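Engineer: sequence? don't have it. structure:
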């Protein structure tokens, strides 16, 4: 069995209760780190350019996320 298939089988079968506490702790830290990076970079010029380029393909807005509102996409 290949490594990818073995990892996929493990991921599909694992239960939260089976995870060691340090793994759960580090997963939580990783999520907070990701959120901090996403929030910190959300106003960067590159992100603004991506929103302007991809906004027309995103469909109608359903909710605001990190202060991203439809009017902001169309402000240029």
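Structural biologist: Great, that's in hand. It should be emphasised that the depicted structure is a prediction, and the values quoted were computed from it without experimental measurement. Numbers count the residues shown, from 1 in each chain.
Engineer: Is residue 51 in a helix, a strand, or coil?
Structural biologist: Following DSSP: H, G, I helix; E, B strand; the rest coil, we place residue 51 in the helix state.
Engineer: What's the local residue count around it?
Structural biologist: Per other Cβ atoms under 10 Å, the neighbour tally for residue 51 reads 15. (C-beta placed from N, C-alpha, C; glycine too.)
Engineer: just residue 14 next, same as before
Structural biologist: The number of residues packed near residue 14 is 11, by other Cβ under 10 Å.
Engineer: Report the separation between it and residue 54.
Structural biologist: Distance, residue 14 to residue 54, using Cβ to Cβ, to the nearest Å: 34 Å.
Engineer: same question, residue 11
Structural biologist: 30 Å.
Engineer: and if you look at residue 60?
Structural biologist: When distances are taken as Cβ to Cβ, residue 60 and residue 54 turn out to be 14 Å apart.
Engineer: These two: which is more packed in?
Structural biologist: Between residue 60 and residue 54, counted using other Cβ under 10 Å, the more crowded position is residue 54 (10 against 5).
Engineer: Can you read off the pLDDT for that one?
Structural biologist: pLDDT for residue 54: 89.
Engineer: So which bits of the one helix or strand it maps to are buried?
Structural biologist: When secondary structure is defined by DSSP states H and E, residue 54 falls within helix 45-54. Using 16 or more other Cβ atoms under 10 Å as the burial criterion, none of the residues of helix 45-54 qualify.
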